[in-house]
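Undergrad: build me a model from this:
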Amino acid sequence: MFLLMVFVFIIGYTAIALEHTIHIDKAPAALLTGVLIWGIYILNAVDIVGVFTESHNWLEFLSLNSEGNATGFISHHELLHHLSEISEIVFLLVGAMTIVEVVDHHQGFTLITKRIKTTNKRKLIWIIGFLTFFMSATLDILTTTIVMVTLMRKLVADKKDRWLFVGMVVVAANSGGAWSPIGDVTTIMLWVKGQITAGNIIKDVLGPSLVSVIVPIAVLSFSLKGDVQRPLDDDSLSGDHEISNFEKKLFLFCGVGALISVPVFKMLTHLPPFMGMLMGLGTLWILNEIIHHKKPLKLRRHLSVNNIISKIDMPTILFFIGILLAVGGLQSAGHLALLSGWLDNATNGNIYFINIAIGVLSSIVDNVPLVAAAMGMYPVADTVADIAAKKPFMVDGNLRKFLAYCAGTGGSLLIFRYKTIPE
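TA: A predicted model of the protein is given here:
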């Protein structure tokens, strides 16, 4: 049954990777995989717990619960432990996605896009690259990519030229998300679980991330000549939901400010990051109600957070829940500890080789489960002896920072992995 858990994970992961081939969304595949792994685990608790599971967790549970058993250990200790960590990530993502949707519904991003006047291809690729790079550090890479792809439709008429610029958007978004604690789901995971700190990830990964976006832009710009053709303006959608310039600016600055304030909130209060995100969302929600309470009913409904929150990418949230449950089950049962030992022996403990392999794999498969697995295989050193022996495994150690960089930028190796980009 211990091996059956691995088999279920492989089957589920294959279904996730082939979602566009088998025409089944990755969210239900991930949810089913996560539940099945925990189901197999708890139904065979006696055979697995204490044999493969990390012994100190089991012994600690027994010391606190003299009449405890393996089933209770899994359901009341291990599952709840992983659920609390997953919930922190989910609350943070839901809050961030909603804030971004509020700004987008108020056309806040148009203030940025309308300032781009050049049609020269070389100048435009640099502007788009750096704009995407810094936007993805504040928003998230998926949202930034969607916003920039929408922008490309308004800036570039030719489809082939637009594909080229969109490819650069993906590279820049991945690079920008790698150095920010709120830029990519993988860095959010590392930050929420206390494996990196906001200041150190920015300080140490910003430079390499800039290199990873500057080099491809520089190489690409040599082959670009001439000007892009702008599409004809389409005003057919304007009028129904007219937003004043003041409101656009207000919600853009307040929304971005709410996102940027999350690391500051954590540093000042030492509360989990999702608390700062929820505070920002609550503040923006109240502001939204105050600004629009006298507007016409149709406009008020369109701009209400009750309506906006229904637009967030809920299938992606459910996918994260499922895949993190699955990886958590493998970690709890002891699979990841065994895999970690095998990798250490195979690579002679070379953390750089391990992270590069994760980066290459993230170009083919989703980087969320890869990073979740790496976090489970290499927990933070928490004793003096561990710290002395495993310096790279400390908070902000080289393993963590290089993992964030490789998993983030590795997704750019094969652009076709991003099936969400509209054609």
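Undergrad: which stretches of the stretch 51-200 of the chain aren't confidently modelled?
TA: By pLDDT under 70, the weakly predicted segments of the stretch 51-200 of the chain are 51-68, 140, 142-143, 146, 150.
Undergrad: now with 90?
TA: By pLDDT under 90, the weakly predicted segments of the stretch 51-200 of the chain are 51-86, 88-90, 92-97, 99-101, 103-122, 134-171, 173-200.
Undergrad: please enumerate the helices of it.
TA: With helices called from DSSP state H, counting those that start in this stretch, the stretch 51-200 of the chain shows them at 55-64, 70-73, 79-105, 110-113, 121-138, 141-155, 159-178, 185-192, 198-221.
Undergrad: check which helices and strands the last one is in contact with.
TA: Meaning helix 198-221. For helix 198-221, the packing partners by 3 or more CB pairs under 8 Å, 6 or more residues apart in numbering; DSSP states H and E come out as helix 121-138, helix 159-178, helix 185-192, helix 245-269, helix 398-410. For the C-beta atoms, the positions are set from N, CA and C on the backbone; glycine is no exception.
Undergrad: mind checking the SS state of residue 230?
TA: Residue 230 falls in the coil class when you classify it by DSSP: H, G, I helix; E, B strand; the rest coil.
Undergrad: what residues sit buried inside stretch 8-26?
TA: Within stretch 8-26, the residues that count as buried by 16 or more other CB atoms under 10 Å are 8, 9, 12, 13, 15, 16, 17, 19, 26.
Undergrad: pick out the most distant pair among those residues.
TA: Greatest spacing in the buried residues of stretch 8-26, by CB to CB: 8 and 19 (17.2 Å).
Undergrad: returning to what we had before: let me know which of the helices of the stretch 51-200 of the chain is tucked in deepest.
TA: Counting by mean count of other CB atoms under 10 Å, helix 185-192 has the highest mean neighbour count of those, with a mean of 26.
Undergrad: outline the domain layout of the protein.
TA: Domain ranges of the chain: 2-89+314-417, 90-229+240-311, per automatic domain parsing.
Undergrad: next one: the last one to chain centre, how far?
TA: Taking CA atoms, centre = their mean, to the nearest Å, one finds the center of domain 90-229+240-311 at 13 Å from the center of the full chain.
Undergrad: what is the end-to-end distance of it?
TA: Counting by CA to CA, to the nearest Å, you get 16 Å between the two ends of domain 90-229+240-311.
Undergrad: quick one: contacts for residue 31?
TA: For residue 31, the residues meeting the contact criterion (CB atoms under 8 Å, 6 or more residues apart in numbering) are 318, 319, 321, 322, 325.
Undergrad: out of those residues, who has the most neighbours?
TA: residue 322 (25 neighbours; other CB atoms under 10 Å).
Undergrad: what's near enough to touch that residue?
TA: Shown in contact with residue 322 (CB under 8 Å, 6+ apart): 27, 28, 29, 30, 31, 32, 33, 34, 35.
Undergrad: recalculate using a threshold of 6 Å.
TA: 30, 31, 34 (CB atoms under 6 Å, 6 or more residues apart in numbering).
Undergrad: residue 42 now?
TA: Residues in contact with residue 42 (CB under 6 Å, 6+ apart) are 71, 74.
Undergrad: chain center to the host helix or strand of it: distance?
TA: Per DSSP states H and E: residue 42 is located in helix 26-43. Distance, stretch centre to chain centre, for helix 26-43: 21 Å (CA atoms, centre = their mean).
Undergrad: now that helix: mean pLDDT?
TA: Mean pLDDT, computed over helix 26-43, is 92.
Undergrad: where's the nearest residue to residue 40 once chain neighbours are set aside relative to residue 351, distance?
TA: Closest residue in space to residue 40, ignoring its immediate chain neighbours: residue 5 at 5.2 Å, by CB to CB, 6 or more residues apart in numbering. Per CB to CB, to the nearest Å, residue 5 is found 26 Å from residue 351.
Undergrad: between these two, which one's more packed in?
TA: Neighbours were counted for residue 5 and for residue 351 using other CB under 10 Å; residue 5 has more, 24 against 21.
Undergrad: circling back to that earlier point, of the contacts of residue 31, closest to residue 228?
TA: Distances from residue 228 to the contacts of residue 31, taken by CB to CB, are shortest for residue 319, at 35.2 Å.
Undergrad: what helix or strand does the closest one sit in?
TA: Using DSSP H and E, residue 319 sits within helix 314-333.
Undergrad: hmm, back to that, would you turn the helices and strands packed on helix 198-221 into JSON lines with distance to residue 225?
TA: Below are the helices and strands packed on helix 198-221 laid out as JSON lines (distance: least, CB to CB, whole Å):
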{"stretch": "helix 121-138", "distance to residue 225": "7"}
{"stretch": "helix 159-178", "distance to residue 225": "11"}
{"stretch": "helix 185-192", "distance to residue 225": "37"}
{"stretch": "helix 245-269", "distance to residue 225": "34"}
{"stretch": "helix 398-410", "distance to residue 225": "28"}
